[in-house]
Every structure is written in C-alpha cells, then in structure tokens.
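Asks: Build me a structure from this.
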Amino acid sequence: MNNIRQVLTWTFFWASLTLLSLPLSAQKQPTLSGYVKDGATGEAMIGATIYLPEIKKGAYTNEYGFYSLSVPVGTYEVWYKFVGFETDTQTVDLSQSQRLNIELTTQAKELDAVVITD
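Replies: Coordinates of the predicted model:
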C-alpha cells in the first residue's frame, strides 16, 4: 500500500510539472522579416547581412532580397549591411512579429590619385 502511494505521488508530481511547463515551451518568438533593396535602383540586394549585435544573431537575404529572423522578445539594434553601401541601423521593438523593408544607399568614397611609373 505504501509503495502504491509513493508511485502515485511521484506520478502526480511529474505530471503536474510537465503540465505547468507547457505554457513556457509553447511561447513563440517574434519574427523580423522584410526585403533589402538598392535605394537608387530598387533592385533586390542578394546576400545583404542583417545582424543583431546584442544577441549575436544574423541572417542573409535570399535571391529576392528577403530575410527572416526569429528572436526572443525584446528591443534590438539591427544592422543592415552590404559591400559598397552605407550600413543602415534601426532600433526595433520585437514584442510581436514585424516586417521591415530597407533601402540601402551607395557609399561614396573618394580615393587618392594613383600614379603609375615605369
């Protein structure tokens, strides 16, 4: 009789613990998604980098310039980068999923003159 009581007690304990943890594991992470395009031409930026430095997580755009990134709820600084273009930094509140489309601008750099000699 004592063994049965112990088994029932432990079974009830583990069942309760499992049921109480379900709401925690069922929480979904919000998704940040959108398109990254060239601001001058409107063309998709294939392989642009999207990076959240606070959590060291990032993504690249696909062949359509689209990105999607699931992260924990919070407010983040998001960097949008592509070679030859200015980095665009946005602060995003991700208490729920958001779509954020970005247009990057060309990075103008003046180079020094090159002298060619024999």
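
Asks: Dig out what the most centrally placed residue in the chain forms beta bridges with.
Replies: By CA atoms, centre = their mean, the chain has its centre lying nearest to Leu69, at 3.5 Å. Beta bridges link Leu69 to Leu32, judged by DSSP bridges.

Asks: likewise Leu52?
Replies: For Leu52, the beta-bridge partners under DSSP bridges are Lys57.

Asks: Go ahead and confirm it touches Gly74.
Replies: No - applying CB atoms under 8 Å as the test, Leu52 and Gly74 come out as separate, 9.2 Å apart. Just so you know, the C-beta spots here come from the backbone N, C-alpha and C atoms, and that holds for glycine as well.

Asks: out of the two, which sits in the more crowded spot?
Replies: Neighbour count, other CB atoms under 10 Å: between Leu52 and Gly74, Leu52 has more, with 19 against 13.

Asks: and stretch 97-106, which residues are buried?
Replies: 102-104 (16 or more other CB atoms under 10 Å).

Asks: show me where pLDDT drops low in the protein?
Replies: The model of the chain has pLDDT under 70 over residues 1-27.

Asks: can you give me the strands in it?
Replies: Residue ranges of the strands in the chain, as given by DSSP state E, are 31-38, 49-52, 57-60, 66-70, 74-81, 88-94, 98-99, 102-104.

Asks: looking at those strands, which is closest to Thr117?
Replies: Nearest of those to Thr117, taken as CB to CB: strand 74-81 at 37.0 Å.

Asks: re the thing from before, adding distance to Asp118, write the strands of the chain out as JSON lines.
Replies: Output for the strands of the chain, formatted as JSON lines (distance: least, CB to CB, whole Å):
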{"stretch": "strand 31-38", "distance to Asp118": "41"}
{"stretch": "strand 49-52", "distance to Asp118": "42"}
{"stretch": "strand 57-60", "distance to Asp118": "45"}
{"stretch": "strand 66-70", "distance to Asp118": "50"}
{"stretch": "strand 74-81", "distance to Asp118": "40"}
{"stretch": "strand 88-94", "distance to Asp118": "45"}
{"stretch": "strand 98-99", "distance to Asp118": "58"}
{"stretch": "strand 102-104", "distance to Asp118": "41"}
